[in-house]
Structures are given as C-alpha cells and as structure tokens.
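Novice: okay, here's the prediction I keep looking at, along with the sequence it came from:
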Amino acid sequence: QDDGYVRLLRRQVEEVFRDNRMIAVCQYNSMPDEDVVLMRHYLRKHNIEVKFVLNEIVRPVLSQSKYKNLLPLFVARNILLVSPETKAKEMLRVLKGVPQINLLGACIDDTILSRQGVENFAKLPSLEASQGQTAGALALLPSQTSSLLQRGSVHLMALLDQHIRRLQAGETGSPAEPAPAQSLGAH
Amino acid sequence: KKMASKISVVLRPVKSIVVRFCPFESNVESTRKFLGCINHKKIQATNRNCEVTADVRHDGSEPLVDVMFADGERLIMKGANLTTIEMLTALRSRCNAKELKEEQKSKKKSP
C-alpha cells in the first residue's frame, strides 16, 4: 500500500530527524497566511525551518525509530520547527508573538524535552560560559593547596618572630614576659 | 456524521477560554482538536475580545477546557472522556442560551 509519494514523504521525515539537532513539535491552529509567512521569516533568521507534517506519515516513521516517545504528540494538526542549531531562546521569543502555535515538546540533541524542558534549556548559559565556569571551579582547589601546605610553617615562623621581638624588648629593660613561652608551649 | 469544524459557536458571552493538556499523554486528542476548532477564524470573529489560551503542561493532569463567561459563570469540560463534537456542542448550547437571555433582557428594557 506504500506508493512512491508516501515513501518519499517518509524518507523526508527521516532526513529531518537525522540532519537537525533541534526538532520542536507544535500544535498548528489555523492562522492567516500572512502570519505564517511572517513567522517563517523570523524563524529563518535564526536558521529554523518550519515544516508542515502529516500525522499519517510521521507516526509510522517515529514508531520504528528511537524517537518513539514523541508519538503521543502527533494528533490533531502539527508543524515541526527544525534547525541544525539549538537556538531555543530565539525560537521561544518568536513563538511568543504567535499565539496560534503552541509548543508541545522538542527533541534537542537526541533528548526529548517537554515544553518546560525547552524553556529551561533556553535559560542555560552558553556552552563556552559553562565550560569557563567549570574550569574556574576546578582550578580553585589546586590553587589553595600550596598555601594550605605552607600554613603550618608560616604560623611557626610568625610565632618565633614575635618571641624574638619580645626577648629583645625584654633585654632593653621591659619586664620579662613568660607569656610567649607559654603560648609556644600550648602549640 | 457531523464534522467538528462545521459546528459554529458564538463566543459573544464568553470572556476567556483556557485549554489545558499534557501533550505526552494519550487522552488529549479531542481536547487538542477542540483547541484547533475554536481557533478557527469564523468562531474567533464572533468575539475578538475572547482570549483563547493553550496551557501546555507535563504533570499528568487531566485535559480540560475552562470557559469563563462574561456574566461570571464557569464551564469546565474534562476532555479525557468527551469527543470534540460533544465539547463544541455543549459550549454552543450554553452560549446560545446566554444570548437568548440577553435578548429577552434587552427586550424587557426597551418595549
């Protein structure tokens, strides 16, 4: 029952999932054509393409792939917003202005996310910023090691210094102080 | 068989409609189709001030349609066991009833 056109459409769906890092599934409620064109235009600026899909084509393709958990999304009318990049923040910003399109979920870097998941993902700092933060955190501990190791001897030196100063002060006539010897003994 | 898209609803007595569902659940089809139908331009044209919002969740909650009428009345339809046509028809009959009441009220005021 598989005619050529159906096979072509199915292959296109497979390609979409293979060639893109971000595939967002949205419910499409009827909107005027000009609004569709405008939305396509703003999304293309962020390298996001709009694809209208038929559930009858997508469902069999997904059910035999690792994306089968996306199957429940494909009822009623849907569109896919796909991109080789993962600019979730920009996508959400454009969608905010289009109330007839409702984001249902997405698959980003082979990870299936709910709508809330996409919003959380959009709030993450960039990969470079996260890498910088991690490198900084890891470098913090070794930087403290050398000062930690020296702390004992530095303290001893400071105490001996004070002891010497007090002995010298004692030679020049001030009352002898047994205190420094006691404080040294306490350590 | 009646097509859901052919059911006309007059939204004049409606203040807002919130359609809530968890898309990853399997009982949301009729609710999502309801959302698609009431977004149709013919129905939207009957009341441009009626806010239709989709509340997409992921917490296992039931799909439902929450209609707030201008006179303060509220209609909640739980979509899990209702068809799209049933929900649209229910909304339509409520709206028509309210419209009728309004007409009778205005007739009484100005004989």
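Specialist: Nice, I can see it. Numbers count the residues shown, from 1 in each chain, chains lettered A, B, ... in the order given.

Novice: CA only for contacts and neighbour counts going forward, please
Specialist: Noted.

Novice: my read: A:His46 touches A:Glu90, true?
Specialist: Yes - if you go by CA atoms under 8 Å, A:His46 and A:Glu90 touch, sitting 7.1 Å apart.

Novice: can you give me the helices for the chain?
Specialist: With no chain named, the answer covers chain A. In chain A, the helices defined using DSSP state H lie at A:4-19, A:33-44, A:55-63, A:88-96, A:115-123, A:127-171, A:179-186.

Novice: could you do chain B instead?
Specialist: Under DSSP H, chain B gives helices at B:29-38, B:41-44, B:84-109.

Novice: would you tell me which residues of chain B are close to chain A?
Specialist: B:23-26, B:29, B:32-33, B:35-37, B:39-41, B:53-54, B:56-58 (CA under 8 Å from any CA of the partner chain).

Novice: buried residues in stretch A:101-118?
Specialist: Neighbour-count burial for stretch A:101-118, counted by 16 or more other CA atoms under 10 Å in any protein chain shown, picks out A:101-108, A:112-115, A:118.

Novice: for it, what is the distance to the chain centroid?
Specialist: 14 Å (CA atoms, centre = their mean, to the nearest Å).

Novice: which outside residues touch that stretch?
Specialist: Residues outside stretch A:101-118 that contact it (CA atoms under 8 Å, 6 or more residues apart in numbering or on different chains) are A:21-29, A:67, A:69-70, A:73, A:86, A:88, A:95, B:23, B:54, B:56-58.

Novice: got a quick PyMOL command for the buried subset of the residues of chain B next to chain A?
Specialist: Here is the PyMOL command that picks out the buried ones among the residues of chain B next to chain A, judged by 16+ other CA under 10 Å:
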select buried, chain B and resi 23+24+25+29+32+33+35+36+37+39+40+53+54+56+57+58
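
Novice: surely B:Phe34 meets B:Thr89?
Specialist: No - contact between B:Phe34 and B:Thr89 fails when scored by CA under 8 Å: they sit 10.7 Å apart.

Novice: comparing the two, which residue is more hemmed in?
Specialist: Higher neighbour count among B:Phe34 and B:Thr89: B:Phe34, with 23 against 16, using other CA atoms under 10 Å in any protein chain shown.

Novice: and chain A, which residues reach chain B?
Specialist: Contact residues, chain A versus chain B (CA under 8 Å from any CA): A:28-31, A:70, A:72-73, A:75-77, A:99-100, A:102-105, A:114-116.

Novice: against A:Val25, how distant is the residue lying closest to A:Lys89 once chain neighbours are set aside?
Specialist: Distances taken as CA to CA, 6 or more residues apart in numbering or on different chains place A:Ala122 nearest to A:Lys89, at 4.6 Å, with adjacent residues excluded. Applying CA to CA, to the nearest Å, the value for A:Ala122 to A:Val25 is 16 Å.

Novice: ok, the two, which is more surrounded?
Specialist: It is A:Val25, of A:Ala122 and A:Val25, that has more neighbours when counted by other CA under 10 Å, with 25 against 17.

Novice: in chain A, where is pLDDT below threshold?
Specialist: Along chain A, segments meeting pLDDT under 70 span A:1, A:173-187.

Novice: burial of the residue in chain A positioned nearest to chain B, as a residue count?
Specialist: In chain A, the residue found nearest to chain B is A:Asn29; the distance is 4.9 Å by CA to the nearest CA. Neighbour count of A:Asn29, defined by other CA under 10 Å: 22.
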